[in-house]
Each structure stands twice: as structure tokens, then as C-alpha cells.
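>>> model this:
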Amino acid sequence: MSERRIPRIKTESEKFSVARLTRENQHFEILIKPQKALDYRNGKISGLTEVLAAEIIFSDANKGTKVSEEAMEKIFKTTDMLKIADEILKKGTLQLTTDQRRKMVEDKKRQIIDFISRQAVDPKTNLPHPPLRIENAMDQIRYSIDPYKPVEEQAKDIVKLLRPILPLKVEQITVAIKIPTQYAARAYGAIKIFGVIKREEWRSDGSWFGELELPAGTYASLLNKLGDVTKGNGEAKIIS
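Alright, predicted model coming up:
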């Protein structure tokens, strides 16, 4: 069956937009409700019927050209429209409104700033730069943030560009931690999220000792959390 055209669905400007996935140089498109599509992609809703303006897979939604079943079977190994729409929504590009895209970029920027603040430190002080300082430096390099690109991938590029104007050192450290008996169970759960436990020992008195590998930039946060959950009785020391 070849591609065929169906009557064009009116998008009423802002009400509907397009999500597209390109495979083997062929476009697969669906008509979507922009905000619902964003919610679906972020896991806030699970019902596809809330997202789709029409249960049709197009090769060109604007022209109303429908993809053939042969093309769907070849690329997706199925002609189930909902399964294909799910993949388009999760892996494809969403044509968002200007406000939605702006919000996505801003959210991604915040995630990148947080990532850099946790992963990198000022080599002069071995302390993390404040988020506002990182943000101001990012504004100077005018990096174009991609709302779809992974945070870590973009952060690595940004760190390289920031170094001429903001000293940054990205490194892992290993911290030896001791937690007294009465706080051990609660504190253990609180501190293990900061990194990877390389070695640990539950001692006969119920206390805990371990070595935690973590980004240097999170050391101050670890100390604060350890102090909170042990009421200042925990111990931490950088050993490498």
C-alpha cells in the first residue's frame, strides 16, 4: 500500500502541533496537543488518547500524507499505531509552542548548572562555585542549550568553554566516613546517595565505617547532611 493523503486536520494554530521521528531518512509524524505531549514525555500522564489529536501516523502531517503500513512494518516491526506513536513521543522531536520551548530550555539550564555545581570545584579553594556564578559565566559564553540533549553531555561542553573565564576542576574524591551506633541506620541511607560506596564495615557495636567516592563539588553538601543526621557526631575525611 502506498502513501495516501487524507483531508488535512486543522490545527487551529496553537491547539495542535507535530511530533516527528526520522528513521532511515523517512519521517513519521503525529498530531499532538503540545502540553499533553510534554506531560506524557515527562511521565506525568500515561494515556496516549489524551495526547493525540488524531490516531494516524503521517509522513507529512501538514500535507495530510499518511504513512503506508509497509513503511511502519519495515521500520517499527509493527503497524500498531499507538505503539508507534509512543516511540515517536518518547524518542522524537516535539514541535512545541514558543513558551513551552523556553520553559524546557530554562529547566535544562537549571539542571546543567546544578550538575556543574555538584561535579566541579574551584581549584583554588576546592569548593564548588555558587550556582549564580556559574549561571553568570554561562551567560557570557552564550552557549545554545538543547532541551533534548542529555545534561551530562552538554555540561561537559560547557565546562570546557567556561574554563577561560571561570576556573573549574572536575574530579572525584574518596571520603572516609564514621557514623556512631545510634545514627548509623538513618545516616547510612542519607549519605549513600552522594556517591559510590567503595568499602564499608558494620562494626560489632553497631557503628558504621565506609569509604565513599563522590564528585568533589558535593563534599560540602555531604558534610552538611552528615552533620544534620548525626547531630554533629559523624566524621568525614578526604583520603584521596
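>>> all contacts plus neighbour counts: C-alpha atoms, from now on.
Noted.
>>> spell out the secondary structure type for R101.
Under DSSP: H, G, I helix; E, B strand; the rest coil, the three-state class of R101 is helix.
>>> how about the closest residue to it other than its chain neighbours, phi and psi?
Excluding its sequence neighbours, the residue lying closest to R101 (C-alpha to C-alpha, 6 or more residues apart in numbering) is P147, at 7.6 Å. Note on P147: its backbone torsions stand at phi -70, psi -20 [degrees, to the nearest 10].
>>> and for L214?
Main-chain dihedrals, L214, degrees, to the nearest 10: phi -150, psi 160.
>>> show me what contacts the closest residue to it other than its chain neighbours?
Closest residue in space to L214, ignoring its immediate chain neighbours: G195 at 4.3 Å, by C-alpha to C-alpha, 6+ apart. G195 is in contact with L212, E213, L214, P215, counting by C-alpha atoms under 8 Å, 6 or more residues apart in numbering.
>>> from those residues, which is closest to L168?
Ranked by distance to L168 (C-alpha to C-alpha), the contacts of G195 are led by P215 at 12.8 Å.
>>> can you give the domain ranges for this structure?
Here the chain is described, according to automatic domain parsing, as comprising the domains 4-94, 98-169, 171-238.
>>> quick one: terminal-to-terminal distance for the second one?
It refers to domain 98-169. Using C-alpha to C-alpha, to the nearest Å, one end of domain 98-169 lies 36 Å from the other.
>>> so L212 touches T174, yeah?
Yes: with contact defined as C-alpha atoms under 8 Å, L212 and T174 form a contacting pair (5.5 Å).
>>> okay, those two: which has more neighbours?
Neighbours were counted for L212 and for T174 using other C-alpha atoms under 10 Å; L212 has more, 23 against 20.
>>> now the more buried one: which helix or strand?
Assigned by DSSP states H and E, L212 belongs to strand 208-215.
>>> what's that strand in contact with?
Defining contact as C-alpha under 8 Å, 6+ apart, one finds that strand 208-215 is touched by 118-120, 170-181, 184, 188, 192, 194-203.
>>> list only buried entries from the residues you listed.
Buried members of the contacts of strand 208-215, scored by 16 or more other C-alpha atoms under 10 Å, are 118-120, 170, 172-180, 184, 188, 194-195, 197.
>>> in the host helix or strand of Q140, what counts as buried?
Element membership of Q140, judged by DSSP H and E, is helix 131-141. Neighbour counts over helix 131-141 (16+ other C-alpha under 10 Å) mark P131, I134, A137, M138 as buried.
>>> likewise for stretch 228-240?
By 16+ other C-alpha under 10 Å, the buried positions in stretch 228-240 come out as V229, T230, G234, E235, A236.
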